Every structure is written in structure tokens, then in C-alpha cells.
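**Student:** the sequence and its predicted three-dimensional model are supplied below.
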Amino acid sequence: MYRNIVVLTGAGISAESGIKTFRDQNGLWEQHHIEDVATPEGYARDIDLVERFYNNRWTQLHSGDVQVNAAHVALAELEQQFSGNLLLITQNVDDLHERAGSKRLLHMHGELSKGRCPKSLQTFALREPFGPDNCCTCCIPAIRLRPHIVWFGEMPYGMDRIHDALDNCDLFIAIGTSGTVYPAAGFVDSANHHGAQTVEVNLQQPDRHSQFQYHFTGKAGDIVPKLVADILAGKTIGSESVA
Ligand SMILES: [Zn+2]
């Protein structure tokens with residue numbers, strides 16, 4: 001029986017929903033250099049280019065091609081039915097967890113569907129793509145909203161809350177994110193250190209440096225619903241859980 005669960009989701013769970021990974025083999029993001037579209041300096045140099053880049057992704061997210069999958073739905077059910085504490089952390093900037101019904105959710109890398117006032121840091125739901133007329137309502141004169149996205153060189157959101165939750169959890173599950181790359185690598189260390197059970201779900205075989213105690217290889221949409229069913233049935237996750 002678990003009392004405090006932390007779940008981290010990464011790009012893998014969104015890929016199963018049709019979200020294109022936007023980093024190609026050459027390290028370019030849709031033909032752009034990362035420093036041009038995902039840094040505060042790139043934004044300062046060319047606001048229009050950065051806005052076009054995020055507007056393209058916003059449009060993809062709101063096209064009919066992207067739908068929640070069974071893993072998103074199972075995690076929303078876990079939130080609704082689990083009697084202990086649950087923190088769902090996502091590295092993804094899409095809103096698929098919200099569409100599936102998750103409410104207690106921390107977007108550590110920001111949200112594609114929000115803009116942010118660069119002065120007050122207040123966020124605003126984005127009902128239309130970015131542009132010169134998409135401004136805050138907190139300042140006079142109003143200021144052009146920037147993407148509510150954590151760029152390279154910026155601090156992820158909610159790190160204090162995340163570390164508090166990891167220090168107190170008895171189960172940590174990472175889904176669709178490499179167990180040896182930051183932040184999952186740091187999170188699993190923390191959870192192991194505090195005696196939690198640690199589980200990773202990935203399409204790829206686990207890296208030999210992975211610190212997770214249990215690995216499930218396959219699609220999140222196949223594996224996560226079974227893990228959630230076990231947790232809600234009061235079972236402990238073991239190597240036989242999803243075999
Ligand atoms: Zn403002």
C-alpha cells in the first residue's frame with residue numbers, strides 16, 4: 001500500500017499521442033538552432049521567429065491529430081481514485097494530461113497554451129497564437145506576452161515542491177523519459193535515497209546506468225493502465241506486475 005506517489009512524465013507519453021518530437025538527429029529543432037528558439041537571448045534577438053516556432057507547435061496541439069492516450073487517462077483515474085497523496089509532474093508543455101482530466105499537475109517546463117507577462121510573471125491562457133497584439137492585462141501600457149516555456153538557462157518551475165514530494169514519497173514512477181538524463185536521473189536518486197520504490201516505463205530498454213529498481217519496456221499506453229490498476233488494488237509493484 002502506497003501513501004505518497006510521485007509520477008514524472010516526459011516526451012515518450014506525448015509521442016504516443018502524435019506529438020512530434022521537434023529535435024532531429026542534427027540537434028536542430030524544425031530547422032532552427034536551439035539557441036535561436038529556446039533561449040531568452042534568442043527571444044530578445046528575434047521575437048517574431050520565436051513566436052512563429054511556438055505558434056506552429058500550438059497549432060499542431062490544437063489540430064485534430066493529437067489525442068490523449070490510455071496512459072494519460074489512467075493517470076487521471078489514479079488522481080481521482082487514489083486515497084493517498086499524488087503529485088504528477090510533467091516535462092511536457094502540451095495539455096494532454098489536463099485533457100484527460102488530471103488537475104493536480106505541475107508543468108515543470110511550462111505550458112504551450114499559456115503566455116506570460118515578462119514583468120509581473122503572471123500567466124494568461126492563450127486563446128490565439130502569439131503576436132504583437134497578444135498582451136498582458138496586468139501592466140499599463142500592456143506588455144507583449146512571451147511563451148510560458150522554460151528555456152535553456154532558465155530554472156524549471158516548482159523545484160522546491162518537487163523535492164519536498166520526492167523526499168516524502170514511497171513510490172516514484174517515471175514514464176517516457178530517460179532514467180539517466182536530468183531531471184529524471186536526479187529525481188530517482190532522491191527517491192531511492194529516501195527509501196521509495198522506483199519504477200521506470202520506457203519504449204527503450206533501460207540504460208545500464210539507470211538507478212530505477214524496476215523497469216517496464218513498452219508503450220506507456222499499454223503499461224501505465226496496468227500499473228495504475230495494481231496501485232488502486234492495493235498491490236505493490238514488482239517485477240511480475242506487467243510481465
Ligand atoms: Zn503585465
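**Tutor:** Thanks, I have the structure now.
**Student:** elements contacting the lengthiest helix in the chain?
**Tutor:** If each helix of the chain is counted by residues according to DSSP state H, the longest one is helix 47-61. Using 3 or more C-beta pairs under 8 Å, 6 or more residues apart in numbering; DSSP states H and E as the contact criterion, the neighbours of helix 47-61 among helices and strands are helix 34-37, helix 40-45, strand 110-116, strand 146-149. (Glycine included, C-beta is placed from N, CA and C.)
**Student:** with distance to the ion and mean pLDDT added, can I get these in JSON lines?
**Tutor:** Below are the helices and strands packed on helix 47-61 laid out as JSON lines (distance: least, C-beta to the ion, whole Å; pLDDT from 0 to 100):
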{"stretch": "helix 34-37", "distance to the ion": "23", "mean pLDDT": "90"}
{"stretch": "helix 40-45", "distance to the ion": "16", "mean pLDDT": "96"}
{"stretch": "strand 110-116", "distance to the ion": "9", "mean pLDDT": "94"}
{"stretch": "strand 146-149", "distance to the ion": "11", "mean pLDDT": "96"}
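**Student:** residue 200: what's its closest spatial neighbour, skipping adjacent residues?
**Tutor:** On the basis of C-beta to C-beta, 6 or more residues apart in numbering, the spatially nearest residue to residue 200 that is not a chain neighbour turns out to be residue 212, at 4.2 Å.
**Student:** apologies, that question was intended for residue 195.
**Tutor:** In space, residue 195 comes closest to residue 170 once its chain neighbours are excluded; the distance is 7.5 Å by C-beta to C-beta, 6+ apart.
**Student:** and for the one you found, the neighbour number?
**Tutor:** By the criterion of other C-beta atoms under 10 Å, residue 170 has 18 neighbours.
**Student:** for it, give its distance to the ion.
**Tutor:** Distance of residue 170 to the ion, computed by C-beta to the ion, to the nearest Å: 41 Å.
**Student:** what's the first helix or strand after the host helix or strand of residue 164?
**Tutor:** Remark: residue 164 resides in helix 159-167, with elements defined by DSSP states H and E. Toward the C-terminal end, the helix or strand that comes next after helix 159-167 (DSSP H and E) is strand 171-175.
**Student:** what does the very next helix or strand once past that next one contact?
**Tutor:** Using DSSP H and E, the next helix or strand after strand 171-175 towards the C-terminus is helix 184-193. Under the contact criterion C-beta atoms under 8 Å, 6 or more residues apart in numbering, helix 184-193 has outside partners 6, 8, 10, 162-163, 166-167, 169, 172, 174, 177-179, 198, 200, 210-213.
**Student:** restricted to buried residues, select these in PyMOL.
**Tutor:** To isolate the buried members of these in PyMOL, using 16 or more other C-beta atoms under 10 Å:
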select buried, resi 6+8+10+162+166+169+172+174+177+178+179+198+200+210+211+212+213
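**Student:** just send the helices and strands packed on helix 47-61 back as JSON lines, with mean neighbour count too.
**Tutor:** Written out in JSON lines, the entries for these read as follows (neighbours: other C-beta atoms under 10 Å):
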{"stretch": "helix 34-37", "mean neighbour count": "17"}
{"stretch": "helix 40-45", "mean neighbour count": "14"}
{"stretch": "strand 110-116", "mean neighbour count": "21"}
{"stretch": "strand 146-149", "mean neighbour count": "22"}
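**Student:** show me this structure divided up by domain.
**Tutor:** The chain breaks down into these structural domains: 4-19+68-109+154-232, 22-65+117-149 (assignment by automatic domain parsing).
**Student:** do you know how far the residue nearest to residue 28 when sequence neighbours are not counted is from residue 17?
**Tutor:** Once flanking residues are discounted, residue 28 sits nearest to residue 34: 7.9 Å by C-beta to C-beta, 6+ apart. With the distance defined as C-beta to C-beta, to the nearest Å, residue 34 ends up 23 Å from residue 17.
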